[in-house]
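Visitor: Build me a structure from this.
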Amino acid sequence: REISKYPKHRCLYVAGTQTVAHVGLIPFLPPQVQRNLDASMRYFASKQSCALCQMIAEEVNLDTQVLMRNRGFVALIPWASGSPLEVWLVPNRHRSSYPS
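Guide: The predicted structure follows:
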């Protein structure tokens, strides 16, 4: 069966027969994201500095892993990548949001 588009207040199509108007979401971070967040918080607590900012500064100075950079972002290849073509797109400065 083809699933047709529903109005915004309908968020789930179940078994082709009914819709659910609301689905409660449980706050959840994937384990790898949680581990990275915990490690970053430990680094900040011990060094009073952001691990990612330190890494970016070192990579930009060495210029060996940097693919591209502009005034807002740096694209770099991490030393221990999880996949063959992994690239990180990292902002140059901390911000609370990145509007389009």
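
Visitor: For the rest of this, base every contact and every neighbour count on C-alpha atoms.
Guide: OK.

Visitor: Test for you: state the pLDDT assigned to the most centrally placed residue in the chain.
Guide: Nearest to the mean C-alpha position of the chain, counting by Cα atoms, centre = their mean, stands Val33 at 8.4 Å. With respect to pLDDT, Val33 has a value of 86.

Visitor: Distance of it relative to Leu62?
Guide: 27 Å (Cα to Cα, to the nearest Å).

Visitor: again with Cys50
Guide: On the measure of Cα to Cα, Cys50 and Leu62 end up 19 Å apart.

Visitor: For the residue nearest to the centre of the chain, grab phi and psi.
Guide: phi -70, psi -40 (degrees, to the nearest 10).

Visitor: what pLDDT, on average, does stretch 49-66 get?
Guide: pLDDT averaged over stretch 49-66 gives 84.

Visitor: Need the contact partners of that stretch.
Guide: With Cα atoms under 8 Å, 6 or more residues apart in numbering as the test, stretch 49-66 has contacts from Ser40, Tyr43, Phe44, Val74, Ala75, Leu76, Ile77, Pro78, Trp79, Asn92.
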